[in-house]
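In: I'd like to go over a predicted model; first the sequence, then the structure.
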Amino acid sequence: MSPFYAVTGQDANIEQLGTAPSHVVIPNPPEAGRIKQQFDQVFQHQKHLEPAQKRYKSNADRRRTEEISFDIGDEVLVSTKNVRTERPSKNLEYKYMGPIHPVFHISLLERYIEAEDGERGKPPPPLKLNYEEGFVIEEILNARRRGRGFEYLIAWEGFGPEDRTWEPRTSLNDDVMLRSWHQSYPENPSPFALRN
């Protein structure tokens, strides 16, 4: 059965397409019978579509994240990716802020886990040095090349592991610390000409 027949209940008029007319004449069924026949065909096509729809749904569900549910009164952290703040650098911005009460889309939320001592640790304020704000490097964790420059994975003093950031060499002011780190880890790429 052609899709045209399934939709309209009759065969396409091929004579108008320039082909030879058919010698077989198919009588049109009476109107009530034709309508019933068309409904039966639609139901048959729907039966064939259901397994395909189930397959599509199961494939799409594999890529979906688990549904997170929150109860009324739960405290949550909100992603700061759509929030403009006064921080001097987006790299040093908190990834989440909160706990917070207003309504946000669930993809921007993360469950709030209270600190063991009952208070959420606030990171230290930025230091002011020569009219510029900055933070103290606790440890350099890794280095990588980026284009013509280098970036360093930095653990900041007073911040947690979730606040580690990749910083370009130009934004770091402690060349002595960088040289010392590269001497300790000579296998990593280095902007310095190191001699043994």
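Out: That came in fine, so what should we check first? All of these numbers come straight from a predicted model, not from anything done at the bench.
In: Quick check: which helices or strands does the helix of greatest length in the chain pack against?
Out: Longest helix in the chain, counting residues (DSSP state H): helix 31-63. Contacts defined by 3 or more C-beta pairs under 8 Å, 6 or more residues apart in numbering; DSSP states H and E place helix 31-63 against helix 3-8. All C-beta atoms are positioned from the backbone trio N, CA, C, and that covers glycine.
In: what residues does the biggest strand by length in the chain touch?
Out: In the chain, with assignment by DSSP state E, the single longest strand is strand 137-146. Contact partners of strand 137-146, identified using C-beta atoms under 8 Å, 6 or more residues apart in numbering, comprise 150-159, 164, 166, 168, 172, 174, 177-178, 181-182, 185, 188-190.
In: Filter these down to the buried ones.
Out: 150-152, 154, 156, 159, 164, 172, 178, 181-182, 190 (16 or more other C-beta atoms under 10 Å).
In: I'd like to know which of the residues you listed is nearest to Gln37.
Out: Arg164 (68.6 Å; C-beta to C-beta).
In: any idea which helix or strand carries the residue lying closest to the closest one once chain neighbours are set aside?
Out: Spatially, and ignoring its direct neighbours in sequence, Arg164 is nearest to Ala155 (5.3 Å; C-beta to C-beta, 6 or more residues apart in numbering). Using DSSP states H and E, Ala155 sits in strand 149-156.
In: Beyond that strand, next helix or strand please.
Out: In N-to-C order, the element after strand 149-156 by DSSP H and E is strand 165-168.
In: what residues does the helix or strand following that next one touch?
Out: Going down the chain from strand 165-168, the next helix or strand is helix 175-184, by DSSP H and E. With contacts defined as C-beta under 8 Å, 6+ apart, helix 175-184 is touched by 137, 140, 143, 152, 169, 172, 188, 190, 192, 194.
In: Helix, strand or coil: sort out the closest residue to the third one other than its chain neighbours for me.
Out: I take that to be Ala143. Counting by C-beta to C-beta, 6+ apart, Ala143 lies nearest to Asn188, which is 4.6 Å off, once chain neighbours are set aside. Classification of Asn188 using DSSP: H, G, I helix; E, B strand; the rest coil returns coil.
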